[in-house]
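K.L.:
Just to be clear, the model below is a prediction. Sequence and coordinates:
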Amino acid sequence: MAAACARTLCKVGWNILESPASRRPGTVSYLLGNVSAHGSRRAYGTGGPGVRSKLLSSLRGGGGRVLGCAFMLGGGLGLYQAVKFRFQQHLAEEEHKVSRGGGVRLTLYQYKTCPFCSKVRAFLDYHQLPYEIVEVNPVMRQEIKWSAYRKVPILMVDGEVQLNDSSVIISSLKTFLIKKDKSMSEILCCYPELKSVNDSGKKVTEYSNKYWLMLSEAETTAVYPEKGMQKEEMKWRQWADDWLVHLISPNVYRTAGEALASFDYIVREGKFSTFEGFFAKYVGAAAMFLISKRLKSRHNLQDDVRQDLYRAVDDWVAAIGKKRKFMGGDQPNLADLAVFGVLRVMEGLQAFDDMMENTKVKQWYRRMERASLNCEGRD
């Protein structure tokens, strides 16, 4: 509305200036009369006939050009203010869209103590994407009975699009935040499921491209401005999934006491009934203590599994180097968020305290805590 009025003022001013008779006494009266006929009579009639007569007489003999310039100046200023307001409104809408994850509604189905779920939460928190949490009962799993995919995490987008696998969730969401012309369904098509049977005869599901962001060449250059950054990020994201995460269980269930403390934490933070909680704490702790021994053998870990954890964490810190705050530079990248998410599930347990005391990870980990909570390092 404001823009339309401003354009009308500009048009009137231009007509006054262009009129060949603009210097004749009756011209200004004629043009003002036309404006009044199109709905502006109230504006020029508020002072009564005497005021209008004085205005017209004062503009005779060349005053039309002054009036024309005045109309154009007023119209120009009006247009400027209208455009400025609309631009500011557009920026606010875009900022709101980004902060709200493109306006999508996110629901995360999880176990709080699951390292893969913790990875997804680290990503969502760092990027300030609001989401609802549905804590899944690990015994009955009734909360995800509607899903053919029976693992967590599961992320639902707008209650319609289902994202499975922590790395696929993170890659597809990151792609969605960068690309403005693709829906989540379109992006998800770039991460097809691959079903197979492993050496043990168990059916498994994998996903193609799960460490890739589906971006154009220009977008890729903007996200990874330095050579090798993309490959480094992908390498360490995969390392977190294929190696680091397998060190968690053998370390938190290393001894009977640690296993009991771990399940006490799991029951306290998870969704269990009273009976399930008692059963999980004591029977589950005993079972996982025994299973951790098999995991140690399966992954070729040392007798003292702490040493494998220490070495892995120090390898990560060495890869970051002394000149970078994060592997992503001044701000965390997807590898930083993945490793932080995995290690975070040990907080409050003996394995975490030992790791912080016997490795060089503490400074990086504290920076990641601040980044995740306060978005430190974000543009």
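P.N.:
Sure, I can see it. Values in this document were obtained by computation on a predicted structure and should not be read as measured data.
K.L.:
Distance-wise, check residue 125 relative to residue 327.
P.N.:
Distance of residue 125 to residue 327, given as C-beta to C-beta, to the nearest Å: 18 Å. C-beta coordinates here come from the backbone N, C-alpha and C atoms, glycine included.
K.L.:
These two - which one has more neighbours?
P.N.:
residue 327 (23 against 16; other C-beta atoms under 10 Å).
K.L.:
pLDDT score for residue 37?
P.N.:
Listed pLDDT for residue 37 reads 42.
K.L.:
Which residue ranges of the stretch 201-350 of the chain form strands?
P.N.:
203-207 (DSSP state E, counting those that start in this stretch).
K.L.:
Now do the helices in it.
P.N.:
Taking DSSP state H, counting those that start in this stretch as the criterion, the stretch 201-350 of the chain carries its helices at 217-223, 229-242, 248-252, 256-269, 274-279, 285-298, 305-320, 334-344, 350-358.
K.L.:
Ok, which of those helices comes nearest residue 130?
P.N.:
Closest approach to residue 130 among these (C-beta to C-beta): helix 334-344, 17.3 Å.
K.L.:
Pull the residues that contact that closest one.
P.N.:
115, 118-123, 126, 167, 170-171, 174, 232-237, 240-241, 244-245, 248, 313, 316, 326-328, 332, 352, 355, 361, 365, 368, 371-372 (C-beta atoms under 8 Å, 6 or more residues apart in numbering).
K.L.:
ok, back up a step: residue 157 is nearest to which of the helices of the stretch 201-350 of the chain?
P.N.:
Closest among those, using C-beta to C-beta: helix 334-344, at 18.6 Å.
K.L.:
Report the angle between the closest one and helix 305-320.
P.N.:
160 degrees (axes from the mean of the first three to the mean of the last three C-alpha atoms, to 10 degrees).
K.L.:
pLDDT averaged over helix 334-344, what's the number?
P.N.:
Here the average pLDDT along helix 334-344 is 98.
K.L.:
can you list the domains in this structure?
P.N.:
With domains defined by automatic domain parsing, the chain comprises 2-99, 102-223, 224-379.
K.L.:
quick one: residue 177 from residue 221, how far?
P.N.:
From residue 177 to residue 221 the distance is 17 Å (C-beta to C-beta).
K.L.:
So which of the two has more stuff around it?
P.N.:
More crowded of residue 177 and residue 221, by other C-beta under 10 Å: residue 177, with 15 against 12.
K.L.:
Work out for me the element the more buried one sits within.
P.N.:
Using DSSP states H and E, the element containing residue 177 is helix 166-178.
K.L.:
elements contacting that helix?
P.N.:
helix 115-126, strand 161-164, helix 184-188, helix 229-242, helix 334-344 (3 or more C-beta pairs under 8 Å, 6 or more residues apart in numbering; DSSP states H and E).
K.L.:
Deepest-packed of the ones you listed, please.
P.N.:
Highest mean neighbour count of the helices and strands packed on helix 166-178: helix 334-344, a mean of 27 (counted as mean count of other C-beta atoms under 10 Å).
K.L.:
how far off helix 166-178 does that helix point, in degrees?
P.N.:
Using the same axes, to 10 degrees: helix 334-344 against helix 166-178 is 140 degrees.
K.L.:
the inter-axis angle of helix 334-344 versus helix 115-126?
P.N.:
Going by the same axes, to 10 degrees, helix 334-344 makes 120 degrees with helix 115-126.
K.L.:
In this protein, what helix or strand scores lowest on average pLDDT?
P.N.:
helix 41-45 (a mean of 39; mean pLDDT, DSSP states H and E).
K.L.:
Nearest the middle, which residue of the chain would you pick?
P.N.:
Taking C-alpha atoms, centre = their mean, the centroid of the chain lies closest to residue 127, which sits 3.8 Å from it.
K.L.:
Isn't it up against residue 176?
P.N.:
No - using C-beta atoms under 8 Å, residue 127 is not in contact with residue 176; the gap is 10.6 Å.
K.L.:
For the stretch 51-200 of the chain, just list every one of the strands.
P.N.:
106-110, 131-135, 154-157, 161-164, 193-197.
K.L.:
now the fourth one, how far from the chain's geometric center?
P.N.:
By that I understand strand 161-164. 16 Å (C-alpha atoms, centre = their mean, to the nearest Å).
K.L.:
Can you tell me the strand partners of it and which way each runs?
P.N.:
strand 154-157 (antiparallel) (DSSP bridges).
K.L.:
Can you give me the buried ones in the helix holding residue 177?
P.N.:
For helix 166-178, burial by neighbour count (16 or more other C-beta atoms under 10 Å) applies to 166-176, 178.
K.L.:
per-residue confidence for residue 297?
P.N.:
90.
K.L.:
Tally up the residues packed near it, please.
P.N.:
As a measure of burial, residue 297 has 10 neighbours, counting by other C-beta under 10 Å.
K.L.:
what's the answer for residue 295, then?
P.N.:
17.
K.L.:
which one is it nearest to, not counting chain neighbours?
P.N.:
Nearest residue to residue 295 in three dimensions, chain neighbours excluded: residue 250, at 5.1 Å (C-beta to C-beta, 6 or more residues apart in numbering).
K.L.:
Check residue 247 too.
P.N.:
Residue 247's closest residue in space is residue 309 (C-beta to C-beta, 6+ apart), at 4.9 Å.
K.L.:
so the one you found sits right up against residue 245, yeah?
P.N.:
No - contact criterion C-beta under 8 Å: residue 309 and residue 245 do not qualify, at 11.5 Å.
K.L.:
These two - which one has more neighbours?
P.N.:
Neighbours per residue (other C-beta under 10 Å) separate residue 309 from residue 245, with residue 309 holding more: 26 against 22.
K.L.:
any idea how far the more buried one is from residue 189?
P.N.:
Counting by C-beta to C-beta - residue 309 and residue 189 are separated by 38 Å.
K.L.:
swap in residue 208?
P.N.:
When residue 208 is compared with residue 189 (using C-beta to C-beta), they lie 11 Å apart.
K.L.:
One more: residue 124?
P.N.:
Relative to residue 189, and taking C-beta to C-beta, residue 124 is found at 22 Å.
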